[in-house]
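Chemist: Next come a sequence and a model predicted from it.
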Amino acid sequence: MTLQYLLLFSCILIVHPFSLPSHHQVKLGGGSTIHNRRCRPLRTSSHLPPKLEHLVQDTLDSDRKIVVVTGGVLSGIGKGVTASSMGVLFRAMGYRVTALKIDPYLNVDAGTMSPFEHGEVFVLDDGGETDLDLGNYERFLSVSLTKDSNLSTGKIYQSVIERERVGEYLGKTVQVVPHISDAIQEWILKVAQTPVSRFSKVANDNDDAKDEPPEVCIVELGGTLGDIESMPFVEALRQLQENLGYKNLCFAHVSLVPSLGDPAEQKTKPTQHSVKSMMQLGLRPDFLCCRGKEQLEPSTVSKLSLFTSVPKGAIVSLHDVSNIYRVPLMMIEQNVHSMLAQRLRLGPYEKGVDYSMVEDLTQIEESVVIKDWKKLADSVDEPESECVIGIVGKYIEQGDAYLSVVKALTHASIATKQRLRIEWIEASSLCKDDDGDDAENVSDETAWDRLRLCDGVVVPGGFGSRGMEGKIQTIQYLRENKVPFLGICLGMQATVIEYCRNVVGIKKAHSAEFFDDLVKDEEDAVIFMPEGDRTRLGGTMRLGVRETVLLEGSIARKMYGSEKVMERHRHRYEVNPALVPRLESAGLQFVGRNTDESGQRMEVCELSESTHPYFVASQYHPEFTSRPELPNPLFLGLLQTCKKTAAAKSKATVAN
């Protein structure tokens, strides 16, 4: 009889441990019972280190779900937008969502990487310098993430080496598996349980949920599956699904289905090979998100399903649309929200029904989040007028270098019902005397002609002297010709230098960042911050959110509607406070100031509305806190002024 029990128990172990419903009990002969607690895999706890075992148990007890988004064929295929759009679906279903971006490069963070190579560095509230995809997450999920929400190879190896140095591994040989892979799993699960604050009031969220841990964590694996540098993360994700269980973690693979020939034919072979590579690494996609110009044809879906073993219903067409805000709506049309709920056993899932065959379970089309999202997407495509905004920068060859600036302008244009057209202008092309390192620095009249056609101009941040003189001359033109202007970070510093030179009369005024022989408190309009570090670059700037106090009656105060605001910073240099009295007596008002341990700092400067319709500059980066449903006030003020000015010009033209 004992042998029969042993044989029966062995058979149960062989059966997939997730075939049993949550908290299900299996009765054996003699009254014995096996408990399937929250579908936890039948794996002995001795295989996991205590920290990881505790995190796994907490995830299972909290019924927390994880969605992993991977990419194949090529990079930049749209994994970030796909992950963010899935987050919108979970938001609409009423779940608290967080996100994690995994970057396989060896850098500890993105702070020291060139904008030409990596694009924008996105700064978080806690000062984390992260990948630009975290900006997408915050904008779509309407949350404020932390620096731990961006994991790189450099971070994870640094963490493991620090543990080894203090003897945490008790003399063991430290290896990629299990030590690195375990550390990656721990990091993911810690981020998944870390509370995230909502950036803004969203109608579908509850006030009492603000500081609670997330219920869903979306993990994006950067790069392309098969890259040698991402192998430890792939192995860690494979182990994580084994530890958490099938019903608690799923994979969405983003791949390319190109259209070639005339007439165009959709080609599935790249995606076939991408999924094959994924399966060879031990991962299996639950959802196949296919990028392409046109919607997937039924024959293409059938072929992909045949060769990848992904159900037809779970093959999602992510074809080109008019704006990215339509991507979540496109997913809803293909029932992705219901399939996610069924696959992860969220809400009223249907027992015994394959996730790809489930009908609409959630009916989120009627939720406030999706209704507002539809209005947002429609307003982008139905503007009342057009607005041309010039961006005068030094990294314009790399489109993602100013991604958050573009997004913030887009949010403001949506709110003001204008079609945004951006005129990209290389700063060094605006001044023949630019002392940068570009050998072709010559004044380009074509660039000036394009600048003069702009309704408004933004001069964003940057580092280095190249293009500085072009920015200064641009700001002088905008000030003298009363063109709406917004300066950001280095743009504010250039504003102060321009005013010192052309209004106050300090002809040699400049920044100590570029010249070390300036006359102290006379020519050094911009100085190095006392607490800065000149030798160590990574993570030593003034980073993260700081409080700014705005002056009553100022443009900035009117736009924000509040005396105190919290905005994000990333800079080593600041306006010299010794010159502020002279600048203010000449008309440039410093209406935003921050008081901290280093003394009073200049955060916002502007000209009065009686002098200029909109001439505002900030030391902080307002673009990082702009959201689709809540544009940053400084960008909103710029677009509102542009629309008002354009209407006045049009009225004057008609009158003449």
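Modeler: That came through, no problem. Residues are numbered from 1 along each chain as shown.

Chemist: Helices along the stretch 51-200 of the chain, start to end?
Modeler: Secondary structure of the stretch 51-200 of the chain (DSSP state H, counting those that start in this stretch): helices at 79-92, 115-118, 133-141, 153-165, 181-193.

Chemist: Comparing those helices by mean pLDDT, which bottoms out?
Modeler: Of all those, mean pLDDT reaches its minimum on helix 115-118 (a mean of 78).

Chemist: so how far is that helix from its chain's centroid?
Modeler: 16 Å (Cα atoms, centre = their mean, to the nearest Å).

Chemist: Report the distance from the lengthiest helix in the chain to the chain centre.
Modeler: Ordering each helix of the chain by length in residues (DSSP state H) puts helix 633-655 first. Distance, stretch centre to chain centre, for helix 633-655: 31 Å (Cα atoms, centre = their mean).

Chemist: number of nearby residues for Leu306?
Modeler: Number of residues near Leu306 (other Cβ atoms under 10 Å) recorded here: 12. In short, each C-beta sits where N, CA and C put it, glycine included.

Chemist: One more: Ser356?
Modeler: For Ser356, the neighbour count with other Cβ under 10 Å is 18.

Chemist: before we move on, what about Asp148?
Modeler: 16.

Chemist: for Met113, same thing?
Modeler: 15.

Chemist: so what's the nearest residue to Leu551 once chain neighbours are set aside up against?
Modeler: Closest residue to Leu551 apart from its sequence neighbours, by Cβ to Cβ, 6 or more residues apart in numbering: Val591 at 4.0 Å. Shown in contact with Val591 (Cβ atoms under 8 Å, 6 or more residues apart in numbering): Leu550, Leu551, Ser554, Ile555, Ala556, Arg557, Val604, Cys605, Glu606.

Chemist: Now with 6 Å, please.
Modeler: Applying Cβ atoms under 6 Å, 6 or more residues apart in numbering, we find Val591 in contact with Leu551, Ser554, Ala556, Val604, Glu606.

Chemist: So it, which state does it fall into?
Modeler: Under DSSP: H, G, I helix; E, B strand; the rest coil, Val591 falls in the strand class.

Chemist: Val327 and Thr82: what is the separation?
Modeler: In this view, Val327 and Thr82 are 7 Å apart by Cβ to Cβ, to the nearest Å.

Chemist: Those two: who's more crowded?
Modeler: Thr82 (26 against 22).

Chemist: is it true that that one touches Val254?
Modeler: Yes: contact criterion Cβ atoms under 6 Å: Thr82 and Val254 qualify, at 5.2 Å.

Chemist: Apart from its chain neighbours, what residue comes closest to Gly467?
Modeler: Gly467 sits nearest to Ala427 (Cβ to Cβ, 6+ apart), 3.2 Å away.

Chemist: Check Asp133 too.
Modeler: Closest to Asp133 by Cβ to Cβ, 6+ apart is Gly80, at 3.9 Å.

Chemist: And the one you found, how far from Gly119?
Modeler: 11 Å.

Chemist: ok, the two, which is more surrounded?
Modeler: Set side by side, Gly80 and Gly119 show more neighbours around Gly80, with 25 against 21, by other Cβ under 10 Å.

Chemist: Are we agreed that Glu423 is in a helix?
Modeler: No: per three-state DSSP, Glu423 lies outside any helix segment and is strand.

Chemist: who touches it in this structure?
Modeler: Val388, Gly390, Arg450, Cys454.

Chemist: what about 10 Å?
Modeler: Val388, Ile389, Gly390, Ile391, Val392, Ala447, Arg450, Leu451, Leu453, Cys454, Asp455, Val457 (Cβ atoms under 10 Å, 6 or more residues apart in numbering).

Chemist: What of Gln589?
Modeler: Counting by Cβ under 10 Å, 6+ apart, Gln589 has contacts 551, 553-556, 580, 583, 604-608, 611.

Chemist: now with 7 Å?
Modeler: Ser554, Cys605, Glu606, Ser608 (Cβ atoms under 7 Å, 6 or more residues apart in numbering).

Chemist: could you point out which element follows the strand or helix carrying Met278?
Modeler: In this assignment (DSSP states H and E), Met278 forms part of helix 269-280. Where DSSP H and E defines the elements, the next helix or strand beyond helix 269-280 is strand 287-292.

Chemist: Find residues that contact each of Val327 and Thr82.
Modeler: Leu318.

Chemist: Just the endpoints, please. Distance across stretch 604-616?
Modeler: Terminal residues of stretch 604-616 lie 7 Å apart, using Cα to Cα, to the nearest Å.

Chemist: could you say what helices and strands the helix or strand containing Ile218 packs with?
Modeler: Under the criterion of DSSP H and E, Ile218 resides in strand 216-221. Applying 3 or more Cβ pairs under 7 Å, 6 or more residues apart in numbering; DSSP states H and E, we find strand 216-221 packed against strand 65-71, helix 79-92, strand 97-103, helix 181-193.

Chemist: Let's see the longest one as PDB, backbone CA atoms only.
Modeler: By that I understand helix 79-92. Provided in PDB are the C-alpha atoms of helix 79-92 (Å, rounded to 0.1, in the frame of the first residue of the first chain):
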ATOM      1  CA  LYS A  79       9.400  47.400 -26.900                       C
ATOM      2  CA  GLY A  80       9.100  50.500 -24.700                       C
ATOM      3  CA  VAL A  81       5.800  51.700 -26.200                       C
ATOM      4  CA  THR A  82       4.500  48.100 -26.100                       C
ATOM      5  CA  ALA A  83       5.400  47.700 -22.400                       C
ATOM      6  CA  SER A  84       3.900  51.100 -21.600                       C
ATOM      7  CA  SER A  85       0.700  50.400 -23.500                       C
ATOM      8  CA  MET A  86       0.200  47.200 -21.600                       C
ATOM      9  CA  GLY A  87       0.600  49.200 -18.500                       C
ATOM     10  CA  VAL A  88      -2.300  51.400 -19.600                       C
ATOM     11  CA  LEU A  89      -4.500  48.300 -20.000                       C
ATOM     12  CA  PHE A  90      -3.700  47.200 -16.400                       C
ATOM     13  CA  ARG A  91      -4.400  50.700 -15.200                       C
ATOM     14  CA  ALA A  92      -7.700  50.700 -16.900                       C
END
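
Chemist: wait, what's in contact with the nearest residue to Gly154 once chain neighbours are set aside?
Modeler: Leaving aside its chain neighbours, Gly154 sits nearest to Val108 (4.0 Å; criterion: Cβ to Cβ, 6+ apart). Residues near Val108 by Cβ under 7 Å, 6+ apart: Ser152, Gly154, Lys155, Gln158, Gly538.

Chemist: Kindly report the same for Ile425.
Modeler: Gly390, Ile391, Val392, Ala447, Arg450, Leu451.

Chemist: Export the residues you listed as CSV, with columns for distance to Gln185, pLDDT and secondary structure.
Modeler: Putting these into CSV (distance: Cβ to Cβ, whole Å; pLDDT from 0 to 100; DSSP: H, G, I helix; E, B strand; the rest coil) gives the following:
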residue, distance to Gln185, pLDDT, secondary structure
Gly390, 47, 96, strand
Ile391, 41, 96, strand
Val392, 46, 96, strand
Ala447, 51, 91, helix
Arg450, 51, 94, helix
Leu451, 52, 95, helix
